[in-house]
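> Any chance you can model this:
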Amino acid sequence: MASLSSLFTPHPLKPLTPKFLPTRTRISTRPKPTPISAVYNPIPATDRLISAVSYFLPFFNGIQYGRFLFTQYPSLALPFQPILPILSFYRSIPYASFVTFFALYLGIARNESLNQYTRFNALQAVMLDVLLVLPMLIQRIFSPGQSGLGLQFTVWMHNGLFVFVVGCFVYGLVACILGKTPYLPFVTEAANRQM
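Residues are numbered from 1 along each chain as shown. Below you'll find the model as predicted:
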């Protein structure tokens, strides 16, 4: 007569299959779960502030493109009234734009000791500022005239550039304050190539 322990153990001559293995040594066919770890590395407040301030350079240099919109719609200039004293002080300093451009480029964008987030946003602001100079150079070379189709094209170009600059400024400022990396069309690709 067989004992109780032999009823629960497999026969010594039968092959062992997972169903006959004791529970302690049963082979698991399920994959082991991979541990989940979330790495949250917030951008320091100083880096976010420097990145946000960088976008003031193209904004100050691009606000000139809004002159036709401000003439046509004077109420559109009201949101920009609080920054006019800062803008007039910035423009009263000789070569302020030139000095600020190189300070931003050499002091922040090319400074290896700074965070990559700060350097990238500074470089993006510099690239945006360079893009804003090109339409002014084209306008001076081709001299569209004071009336007709040339003037109408200039008005459209200035209005479009102004909306683009203000949109990039607001988007870049808010994204940097929140610690996100802003994506600006054409500018981000150029900044990525320079990094």
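
> How many neighbouring residues does Phe101 have?
A total of 19 residues lie near Phe101 under the criterion other Cβ atoms under 10 Å. (C-beta placed from N, C-alpha, C; glycine too.)

> Past the helix or strand it falls within, which element shows up next along the chain?
Here Phe101, judged by DSSP states H and E, is contained in helix 96-104. Sequence-wise, the next helix or strand downstream of helix 96-104 (DSSP H and E) is helix 116-142.

> could you give the angle of that following helix to helix 96-104?
Orientation of helix 116-142 against helix 96-104 (axes from the mean of the first three to the mean of the last three Cα atoms, to 10 degrees) gives an angle of 150 degrees.

> Can you work out which other helices and strands pack against helix 116-142?
Applying 3 or more Cβ pairs under 8 Å, 6 or more residues apart in numbering; DSSP states H and E, we find helix 116-142 packed against helix 45-54, helix 56-62, helix 96-104, helix 149-178, helix 187-194.

> Neighbours of Phe120, how many?
20.

> Tell me the pLDDT of it.
Phe120 is assigned a predicted lDDT (pLDDT) of 93.

> List the residues that contact it.
Phe120 makes contacts with Thr181, Ala191, Met195, as judged by Cβ atoms under 8 Å, 6 or more residues apart in numbering.

> Throw together a ChimeraX command that grabs the buried residues out of these.
Per 16 or more other Cβ atoms under 10 Å, the buried members of those correspond to this ChimeraX selection:
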select :191
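
> The contacts of Phe120 into CSV, with extra columns for pLDDT?
CSV is the format used below for the contacts of Phe120 (pLDDT from 0 to 100):
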residue, pLDDT
Thr181, 89
Ala191, 83
Met195, 74
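
> Distance to Phe59 added to the contacts of Phe120, as TSV?
Listed next are those as TSV, based on distance: Cβ to Cβ, whole Å:
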residue	distance to Phe59
Thr181	18
Ala191	17
Met195	22
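
> how about low-confidence regions in the chain?
Along the chain, segments meeting pLDDT under 70 span 1-41, 144-145.

> tell me the SS of the most centrally placed residue in the chain?
Closest residue to the average C-alpha location of the chain: Pro182 at 1.9 Å, with Cα atoms, centre = their mean. Classification of Pro182 by DSSP: H, G, I helix; E, B strand; the rest coil places it in coil.
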